[in-house]
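S.K.: this one's sequence-less:
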Ligand code: AVI
């Protein structure tokens with residue numbers, strides 16, 4: 001098993017951090033939450049009473065796995081974006097008939113190597129083609145040295161919610177292009193619901209989400225030459241009803257200057273850094289978002305309509321971002 005690597009470098013991180021903090025409204029890319037500590041904190045979030053998405057999605061998968069696997073069909077090359085969800089992927093690996101191979105794509109090589117080694121032990125006959133890449137950007141699949149019938153992308157966790165609407169559209173276009181003819185997408189999409197449920201999910205009582213949010217600054221301090229003081233920022237998350245999204249921010253507690261490499265970034269007291277959007281869709285709004293490239297073939301939801309798992313098929317004549325069609 002060889003691992004193809006398109007890992008992000010410290011220079012990439014530095015230029016992304018500076019570009020984002022120099023915008024009129026300061027922001028940071030939410031993918032920077034996920035260093036080792038951030039990934040552990042996110043795992044803890046997933047187990048919180050208030051954070052319903054993970055357990056709800058898992059239950060939807062368990063309840064409907066046979067139907068999902070049958071829709072994906074024989075000879076699928078399964079591509080998982082963000083290969084952290086080993087329990088959910090195992091459900092698919094166990095059930096898809098005649099699976100041709102599995103391509104886990106993850107930004108962290110350490111994480112990817114660990115999960116592939118365990119999978120290889122448990123699934124000795126499975127062909128695994130790991131790829132270290134930032135799937136929020138263009139990436140190319142590793143060479144697949146065996147025949148397969150069609151590709152299907154698995155993108156769980158409602159990570160699509162962390163993209164802005166134009167980013168989500170552009171991303172879906174790239175996925176359609178990657179999958180090509182007869183390609184499919186199984187995607188977890190969090191649903192719009194009562195503001196109280198949503199705000200509690202991002203402001204848990206134990207303060208794990210607050211620590212997760214602040215950890216983005218520690219991650220940046222560890223990667224580039226910066227001196228963010230975590231005690232001088234506050235976690236703030238709320239549901240923006242009009243935009244149908246949770247917004248996470250870090251608010252500066254005082255006037256302060258932060259050194260980042262050779263640059264100085266000034267924060268006024270009360271000024272905020274946007275760290276994450278988490279869009280909440282209706283079934284209609286998501287189908288519309290995807291409609292340039294995908295047709296929604298099947299939607300599974302839980303009894304309380306909290307979360308959805310959806311099966312989409314690439315539209316045969318969809319126009320791709322570079323103007324190509326199928
Ligand atoms: C990864 N992503 C789907 C999570 C979400 O709910 O938007 C990240 C998260 N942020 C705070 N809590 C969880």
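M.R.: Looks like it arrived, so ask away. Keep in mind that what you see is a predicted model, and the values were worked out from it rather than measured.

S.K.: from the ligand, how far off is residue 161?
M.R.: Separation of residue 161 from the ligand (CB to the nearest ligand atom, to the nearest Å) stands at 5 Å. Every C-beta, even on glycine, is put in place using the N, C-alpha and C of the backbone.

S.K.: hmm, I was thinking of residue 79
M.R.: As defined by CB to the nearest ligand atom, residue 79 lies at a distance of 18 Å from the ligand.

S.K.: Three-state assignment for the residue nearest to that residue when sequence neighbours are not counted, please.
M.R.: Excluding the flanking residues, the one nearest residue 79 by CB to CB, 6 or more residues apart in numbering is residue 103, at 4.4 Å. Recorded secondary structure, residue 103: strand (DSSP: H, G, I helix; E, B strand; the rest coil).

S.K.: give me the pLDDT value at residue 103.
M.R.: We have a pLDDT of 96 for residue 103.

S.K.: one more: residue 15?
M.R.: Residue 15 carries a pLDDT value of 94.

S.K.: what's the burial count for it?
M.R.: 13 (other CB atoms under 10 Å).

S.K.: okay, the spatially most central residue of the chain and residue 236: tell me how far apart.
M.R.: Central residue of the chain (CA atoms, centre = their mean): residue 159, 3.2 Å from the mean position. According to CB to CB, to the nearest Å, residue 159 stands 22 Å off from residue 236.

S.K.: likewise residue 90?
M.R.: In this structure, residue 90 and residue 236 are 37 Å apart, going by CB to CB.

S.K.: of those two, which one has the most company?
M.R.: Neighbours were counted for residue 90 and for residue 236 using other CB under 10 Å; residue 236 has more, 16 against 13.

S.K.: report whether the helix or strand hosting that one contacts the ligand.
M.R.: Residue 236 is part of strand 233-240 when elements are defined by DSSP states H and E. No. Judged by CB under 6 Å from any ligand atom, strand 233-240 makes no contact with the ligand; its nearest approach is 7.4 Å.

S.K.: so what does that strand touch, helix or strand wise?
M.R.: Secondary-structure packing of strand 233-240 (3 or more CB pairs under 8 Å, 6 or more residues apart in numbering; DSSP states H and E): helix 195-201, helix 208-223, strand 245-252.

S.K.: quick check: residue 210 touching residue 235?
M.R.: Yes. Residue 210 is in contact with residue 235 according to CB atoms under 8 Å; the separation is 3.6 Å.

S.K.: mutual contacts of the two, please.
M.R.: residue 203 (CB atoms under 8 Å, 6 or more residues apart in numbering).

S.K.: quick check, pLDDT for residue 298.
M.R.: The model reports residue 298 with a pLDDT of 98.

S.K.: what's the answer for residue 84, then?
M.R.: Looking at residue 84, the pLDDT reads 59.

S.K.: many thanks, I have nothing further to ask.
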